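Enquirer: turn this into a structure:
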Amino acid sequence: MDEVVLEAFGKINLYLDVLWKREDGYHEIRSIMQSIDLKDTIKIRETNSNMKIDCTHPQVPLDSSNLVYKAWEKMKEISGIDKEVNITIHKRIPVAAGLAGGSADAAAVIKGLNILWDLNLKEEDLMKIGIKIGADVPFCIKGGTCLAEGIGEKLTSIEPFKGKLLLIATPNIPISTEKAYKNLPLDKIHVHPDIDRFIKGIKDKDFKFVAENMINVMEYSELDELKIIPSIKEEMIRFGALGSIMSGSGPTVFGLFEDEKLMMKCKKSLERKIENVFFSRTI
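Expert: The predicted structure is shown next:
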């Protein structure tokens with residue numbers, strides 16, 4: 001085998017609480033991470049020439065700053081295999097949008113090279129490699145519905161939250177995760193939400209409770225680019241979303257719907273002012 005093709009699924013945060021800033025610069029979080037069916041496609045092919053990245057999206061870097069490059073480097077280091085590859089990214093997940101697109105692509109490369117190079121590493125081993133590349137990479141390797149703690153690397157699978165309709169709106173404002181966290185006034189967040197009650201809602205399959213109690217404290221970030229978020233959330237609720245929050249560090253906002261017709265009406269309304277609006281489902 002000299003080529004593998006994998007799907008790289010995006011991620012939303014149904015719940016995100018930021019607890020404190022650590023000495024290493026990362027933030028301690030508690031989050032419910034959820035895979036969605038919005039996906040990139042990653043093709044990895046062995047080559048005799050130099051390592052090369054191709055991508056269908058003009059904003060994706062094609063050099064060593066790309067997380068897929070870092071994933072390839074780390075897999076070479078771990079395995080001792082020094083092989084060049086061509087990586088092609090067919091991009092559908094919006095860039096710098098809070099949907100873990102870069103992390104999902106890196107996770108796919110880690111999994112793909114494990115197959116291509118016959119390494120037979122277990123998922124747990126792949127996740128340990130992933131955390132060295134980015135905080136969301138371990139989840140993108142594992143997928144599903146998980147409680148994430150630490151900086152996102154401590155993952156506990158919980159009751160699946162599959163098949164739920166969501167409307168995703170991504171303003172054309174790339175957000176730096178680092179800047180969003182830097183502008184988060186942790187001293188002003190006095191009450192932290194009850195994640196155990198939220199997890200119980202998922203386990204009880206209480207969709208209405210989960211939708212109405214979603215929360216993302218990153219919405220408190222004082223980053224100017226995030227000032228558009230409340231108006232998008234309000235519009236989704238007005239059109240029938242049971243709940244709506246920002247995903248990750250933004251600027252993507254998603255709403256959970258029960259009624260597909262209402263969701264379609266909301267999509268048409270939002271498309272008048274936001275370029276990237278699309279349907280998705282949890283997986």
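Enquirer: contacts only, for Leu116.
Expert: Residues near Leu116 by CB atoms under 8 Å, 6 or more residues apart in numbering: Met1, Asp2, Glu3, Val4, Ile44, Glu46, Val85. C-beta here means a position set from N, CA and C on the backbone, and glycine is covered the same way.
Enquirer: dihedrals phi and psi, it?
Expert: Reported as degrees, to the nearest 10, the phi and psi values for Leu116 are phi -60, psi -40.
Enquirer: can you give me the end-to-end distance of stretch 117-127?
Expert: 17 Å (CA to CA, to the nearest Å).
Enquirer: quick one on the thing from earlier: and the contacts of Leu116, which are buried?
Expert: Using 16 or more other CB atoms under 10 Å as the burial test, the contacts of Leu116 include Val4, Ile44, Val85 as buried.
Enquirer: where's the first one, which helix or strand?
Expert: Counting by DSSP states H and E, the element that carries Val4 is strand 3-21.
Enquirer: need the buried ones among the contacts of Leu116 in CSV with pLDDT and distance to Cys140, can you?
Expert: As requested, the buried ones among the contacts of Leu116 are arranged in CSV below (pLDDT from 0 to 100; distance: CB to CB, whole Å):
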residue, pLDDT, distance to Cys140
Val4, 98, 16
Ile44, 99, 16
Val85, 98, 19
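Enquirer: which residues in this protein form helices?
Expert: Under the criterion DSSP state H, the chain contains helices at 67-79, 101-116, 123-130, 137-142, 177-182, 195-203, 207-212, 229-238, 260-270.
Enquirer: so, low pLDDT: which residues of the stretch 51-200 of the chain?
Expert: Applying pLDDT under 70 to the stretch 51-200 of the chain flags no residue at all.
Enquirer: got a list of what Met127 touches?
Expert: With the criterion set at CB under 8 Å, 6+ apart, Met127 makes contact with Val137, Pro138, Ile141, Lys142, Glu153, Leu155.
Enquirer: can I get the buried part of these as one ChimeraX selection?
Expert: The buried residues among the contacts of Met127 can be selected in ChimeraX (16+ other CB under 10 Å) with this line:
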select :137,138,141,142,153,155
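Enquirer: if we take the contacts of Met127, which one ends up nearest to Arg30?
Expert: Checking the contacts of Met127 against Arg30 by CB to CB gives Leu155 as the nearest, at 11.8 Å.
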